[in-house]
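In: Show me the folded form of this:
(one chain, ligands or ions: 2)
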Amino acid sequence: MSSTAKVIAFANQKGGVAKTTTTLNLAVAFAEEGHRVLCCDMDPQGNLTMSQGIDPDTVETSMYDVLVHHTSIREAIRKREIDVACSSIDLAGAEIAMSAQIGRERSLQKAFRAIEEDYDFIFIDTPPSLGLLTINALTAAHKVIVPVQCEYLSMRGLIQLQNTLSMIRENLNPNVEIEGILPTLFDTRTLHAKEAIEILEENFGDRVFASRIKKTVRFAEAPVKGMSVLKYDPDGIAAHSYRQLAKEVLGNGKR
Ligand SMILES: Nc1ncnc2c1ncn2[C@@H]1O[C@H](COP(=O)(O)OP(=O)(O)OP(=O)(O)O)[C@@H](O)[C@H]1O
Ligand SMILES: [Mg+2]
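Out: Ligands and ions are numbered 1, 2, ... in the order given. Just a heads-up that it's a prediction; the model follows:
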């Protein structure tokens, strides 16, 4: 393991595909393996922040201050199951506030420099758009994990994400790559879900993770308690699936 953090962004401009769920639960699975993990909540919805029991409305220093006022990211970090760099509702105004700044695409990358030796991994949760917040995440990242709902129409959006990544590589971050595509919300009872995975594999080959995340209500229940699913239901299938994914991602890194 190198001494500076490996940065992974979780991105898909489609909403509700399990970006936040995957960011948090994979982070906790990495922490169980002994890694030091920071989750950075770049979504103004603040769902990741809330999923660790922190109210985004009462956060004093958030990623807004980090991106717009260049406040140290340390001040936005709270320690829970993993460390969380918190979002707040005013993050919704960050894109406009940053729009006239020189180097606006690199604000997050710069903010990470101060803490990159404190963590083995930094995971970034992104909003469902390809705006400046997501561009900051993709510019700061070494790798991207793309959660995709197992439905035909969800997959079409991947082309747009790939185009954005090409632009990021050309202009901002030449080495950023997709680490893997993760089929989520997998309903094993439907033929459609199986067909959707087949189409995904035909188009993206071995970039599709072997792990699949099945549909279960545990994922909706855990955030209400301010917990990851690994803490909420440690022996359940949901927790198991993210531990499996952790092994797969950590294994890839060794290749
Ligand atoms: N495997 C799963 N089975 C059942 N429900 C799930 C699963 N994964 C996530 N969910 C639920 O689906 C909803 C969307 O998940 P999540 O918030 O992680 O998606 P998202 O991509 O981050 O959404 P957004 O684009 O709004 O940020 C949540 O209510 C979550 O609890
Ligand atoms: Mg989300």
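
In: What ranges does the chain have for its strands?
Out: Assigned by DSSP state E, the strands in the chain fall at 6-10, 37-41, 77-79, 83-85, 121-125, 143-149, 177-184.

In: So for the last one, what gets flagged as buried?
Out: When burial is assessed from 16 or more other C-beta atoms under 10 Å, strand 177-184 yields the following buried residues: 178-184. For every residue, glycine as well, the C-beta is placed using N, CA and C.

In: now it: how far from the chain's centre is it?
Out: Distance of strand 177-184 from its chain centroid, counting by C-alpha atoms, centre = their mean, to the nearest Å, is 11 Å.

In: That one versus strand 143-149: what angle between them?
Out: 20 degrees (axes from the mean of the first three to the mean of the last three C-alpha atoms, to 10 degrees).

In: before we move on, back to that, dump the strands of the chain to a markdown table, plus mean pLDDT and distance to residue 114.
Out: As requested, the strands of the chain are exported to a markdown table (pLDDT from 0 to 100; distance: least, C-beta to C-beta, whole Å):
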| stretch | mean pLDDT | distance to residue 114 |
| --- | --- | --- |
| strand 6-10 | 98 | 14 |
| strand 37-41 | 98 | 12 |
| strand 77-79 | 98 | 11 |
| strand 83-85 | 98 | 11 |
| strand 121-125 | 98 | 12 |
| strand 143-149 | 97 | 21 |
| strand 177-184 | 97 | 24 |
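
In: I'd like to know which of the ones you listed is closest to ligand 2.
Out: strand 121-125 (5.9 Å; C-beta to the ion).

In: Is any residue of the closest one near ligand 1?
Out: No. Using C-beta under 6 Å from any ligand atom, strand 121-125 stays clear of ligand 1, with a minimum separation of 6.8 Å.

In: got it, and stretch 74-91?
Out: No. Between stretch 74-91 and ligand 1, judged by C-beta under 6 Å from any ligand atom, nothing touches; the nearest distance is 10.8 Å.

In: Now do the end-to-end distance for that stretch.
Out: 17 Å (C-alpha to C-alpha, to the nearest Å).
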